[in-house]
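Novice: quick one, structure for this:
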Amino acid sequence: MELIYVTQNKNKVEVAKNLLNEFDISNTDFAVPEIQSLDPHEIVKYKLQYAYDIVKKPCLVTDDSLYIEALNGFPGPFIKWYYDKTVGAEKTCQIANLFNQHGIKSLTILGYYDGQETHYFEESVEGIIPSEPRGDNGFSWDPIFIPEGDFRTYAEMTFEEKHSYTVTGKVFKRLRAFLDTK
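Specialist: Residues are numbered from 1 along each chain as shown. Sure thing, here's the model as predicted:
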């Protein structure tokens, strides 16, 4: 079965191919406008409809949110602009240290739209922010996320270790189970 993953993030495509290796995953690389909303479901719904209108085939998109305790849950769905474009790893750790609040939660929503029905697969994981960024593996905010039950950041783990915790692995497993019923 072919799955069209609409994203410009090549790292996400490689993760999907590794986690769903029984499917033919193709990547359609074009910019999908991200609406500004505190509700990540609204963001995913918009992205799916936009993507489907272009590819005219069933497709999937993901959206990640990161909730930082020291910032009262900010940036949430605005993580891309917060982390990649402005604040980054070092400052995020400094903020957590300053307020002595290191709680963090990641949320991933995977949306699948077949042209008639939208299906959402949502997972979250709790963790803590280290006092400073650690590790060289992975991408994005992996150096500042220690999942609950471990002492290492995602960036200090192997691919397999990381995806035993991450929400990405869990939502793709849920998608696989859903598609197996079709």
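Novice: report the buried residues of the host helix or strand of L3.
Specialist: Assigning secondary structure by DSSP states H and E places L3 in strand 2-6. Neighbour-count burial for strand 2-6, counted by 16 or more other CB atoms under 10 Å, picks out 3-6. Using the backbone N, CA and C atoms, a C-beta is placed for each residue, glycine as well.
Novice: how about stretch 146-156?
Specialist: 146-147, 150, 152-156.
Novice: with stretch 12-22 instead?
Specialist: 12-13, 15-17, 19-20.
Novice: ok, and the helix or strand in this protein with the lowest average confidence?
Specialist: strand 24-28 (a mean of 81; mean pLDDT, DSSP states H and E).
Novice: mind checking how far it is from the chain centre?
Specialist: 17 Å (CA atoms, centre = their mean, to the nearest Å).
Novice: angle of it against strand 2-6?
Specialist: Angle, strand 24-28 to strand 2-6, by axes from the mean of the first three to the mean of the last three CA atoms, to 10 degrees: 30 degrees.
Novice: quick one: E122 is in a strand?
Specialist: Yes: looking at E122 with DSSP: H, G, I helix; E, B strand; the rest coil, it is inside a strand.
Novice: return the residues in contact with it.
Specialist: Neighbouring residues of E122 by CB atoms under 8 Å, 6 or more residues apart in numbering: 107-110, 171.
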